[in-house]
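In: Only the shape, not the letters, is given here:
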């Protein structure tokens, strides 16, 4: 068990909170090790105290998007400082079941029974629902989730009660009390129906048996419905459409649409990683993004001028530069090329100006998009960030020397660039993480062989500063990758 959970459950027990882990208890130990969610049911009268204990233990409340939001349910994200793992608690104030996304039944009566008959798990010391009640819930959930498409698949020979259901079924079948099972069923169904349901416990239920259970459940729990059939169908349609749009938005549109899956209640954050060559920025950004995107909406941006994602006009300039260099190399020994040095110098000057303008346009577009996403509660992680401390180097402005130019369009572009790079328009990130390595480490990692260049880069990175509202931390990136990643996670978690 992770230390964050050990401390949390100790506090819950000390405060005599009525709770239990009420489903998928075959995964309880995985959940306590931070490998999956924990589904905790809490008595409504203890809800306020439970939330206070969660916050005191460093958990942060999340806000679910429309597609996954349900009543009487909240999500809390935590961070275990010892292992560097992110953990998640799905907090339920009543049992909500039903079709995916809509969850049309609120079973207050079941919740009271589950909490009244909870037991303490011998291995973990955590209160869990009794195997008899969990077995009934498993079968009911499987039955009530049946939809028209499942019926069609059944007739096509595709098994509904698949391996995921069977794994939980087998685990519970070994643990439930056969002698008290009928009594447990009669707490929720009529006696005649309960006796028929006993057949479901001896072997895997057939599709027809599950449909029969669904039929009886609907009749006996009509008063537990949150929606009627029409409103349930309409709500599920819009939630599934929202889920599909969220997937497209996350996978292909880079959060262009104002749709979210799950965000922090405190809002989004803009996190920038900067550093010298060989510091492992790209690797650490990938690890950090994977770490946070387990439960939160995370967007990545490249704000440098290197080999990362580039705008179409900068790609054209890079292509033209390669052609120019190829031609210059091919004709470097000819008398004609030796007589055109001045013309090449002019072309290079114009090319640098065009490069600076192109880069400024690209950075403006990316900064506008990334800062808007952060304001919409997305966690934005950027590789590099424009700065105004080191001119013409290390993501600094390139047109600064033209601020006093007599050519008005160029002067205008220079002023615009200065506003963008200085943070006057979009501001600074919320958190800047500087990854630094000694020159010998950078050389060993194959990034450069010039100590002079690396010293210049290190000095430049150290001199970069942002606004007073931006927190900056420096991390030694010469340590093993996993150690650096955990160190970054700790700083990020403190700032979320």
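Out: Cool, got the structure. Here the structure is a predicted model, which is why all the values come from computation and not from measurement.

In: Name the residue closest to the centre of this protein, please.
Out: Of all residues in the chain, the one closest to the mean position by CA atoms, centre = their mean is residue 293, 2.0 Å from it.

In: tell me the SS of residue 89?
Out: strand (DSSP: H, G, I helix; E, B strand; the rest coil).

In: Tell me who's in contact with it.
Out: 37, 38, 40, 54, 59, 75, 76, 78 (CB atoms under 8 Å, 6 or more residues apart in numbering). Yep, even glycine has a C-beta here, placed from its N, CA and C like the rest.

In: Keep only those of those that are in helices.
Out: residue 54 (DSSP state H).

In: Adding neighbour count and pLDDT, write the contacts of residue 89 out as CSV.
Out: Below are the contacts of residue 89 laid out as CSV (neighbours: other CB atoms under 10 Å; pLDDT from 0 to 100):
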residue, neighbour count, pLDDT
37, 17, 94
38, 22, 96
40, 24, 97
54, 22, 97
59, 21, 97
75, 21, 95
76, 23, 97
78, 21, 97
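
In: Same question for stretch 487-496: list its buried residues.
Out: Across stretch 487-496, burial judged by 16 or more other CB atoms under 10 Å covers 487, 488, 489, 492, 493, 496.

In: Lowest pLDDT pick from those?
Out: Within the set of the buried residues of stretch 487-496, pLDDT is lowest for residue 496 (89).

In: now residue 390: how far from residue 459?
Out: Noted for residue 390: a distance of 9 Å to residue 459, by CB to CB, to the nearest Å.

In: More neighbours: these two, which one.
Out: residue 390 (17 against 12; other CB atoms under 10 Å).

In: Now do the SS call for that one.
Out: coil.

In: buried sites along the helix ranked longest in the chain?
Out: Secondary structure of the chain per DSSP H: the longest helix is helix 341-375. By 16+ other CB under 10 Å, the buried positions in helix 341-375 come out as 353, 355-364, 366-367, 369-374.

In: What are the buried residues along the host helix or strand of residue 183?
Out: Using DSSP states H and E, residue 183 sits in helix 181-186. For helix 181-186, the neighbour count (16+ other CB under 10 Å) marks 181, 184, 185 as buried.

In: picking up where we left off before, can you convert the contacts of residue 89 into a markdown table and add a column each for distance to residue 103?
Out: Putting the contacts of residue 89 into a markdown table (distance: CB to CB, whole Å) gives the following:
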| residue | distance to residue 103 |
| --- | --- |
| 37 | 16 |
| 38 | 18 |
| 40 | 17 |
| 54 | 22 |
| 59 | 23 |
| 75 | 14 |
| 76 | 19 |
| 78 | 24 |
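
In: Among the contacts of residue 89, which one lies nearest to residue 230?
Out: Residue 230 lies nearest to residue 75 out of these, by CB to CB, at 29.0 Å.

In: Find the nearest non-adjacent residue to the closest one, please.
Out: Spatial nearest neighbour of residue 75, excluding adjacent residues (CB to CB, 6 or more residues apart in numbering): residue 62 at 4.2 Å.

In: On the three-state scheme, residue 10 is what?
Out: Applying three-state DSSP: residue 10 is helix.

In: Kindly apply the preceding question to residue 61 instead.
Out: Residue 61 - assigned by three-state DSSP - is strand.

In: what pLDDT does it get?
Out: pLDDT, residue 61: 96.

In: before we move on, back to that, how about the contacts of residue 89, which pair is most distant?
Out: Between all members of the contacts of residue 89, the farthest pair (by CB to CB) comes out as 37 and 54, at 14.2 Å.

In: Which secondary structure element of this protein has the lowest mean pLDDT?
Out: helix 335-338 (a mean of 49; mean pLDDT, DSSP states H and E).

In: Contact partners for the residue nearest to residue 466 when sequence neighbours are not counted?
Out: With CB to CB, 6+ apart as the criterion, residue 466 has its nearest non-adjacent residue at 3.8 Å, and that residue is residue 428. Neighbouring residues of residue 428 by CB under 8 Å, 6+ apart: 385, 466, 467, 469, 470.

In: what number of residues lie near the residue nearest to the first one when sequence neighbours are not counted?
Out: Same thing as residue 385. Distance criterion CB to CB, 6+ apart; nearest residue to residue 385, sequence neighbours excluded, is residue 272 at 4.0 Å. If you count neighbours by other CB under 10 Å, residue 272 ends up with 27.

In: Please apply the same query to residue 251.
Out: Count around residue 251 with other CB under 10 Å applied: 8.

In: any idea how far residue 476 is from it?
Out: Distance from residue 251 to residue 476, by CB to CB: 35 Å.

In: And for residue 255?
Out: According to CB to CB, residue 255 stands 32 Å off from residue 476.

In: ok, those two, which is more surrounded?
Out: Higher neighbour count among residue 255 and residue 476: residue 255, with 20 against 14, using other CB under 10 Å.
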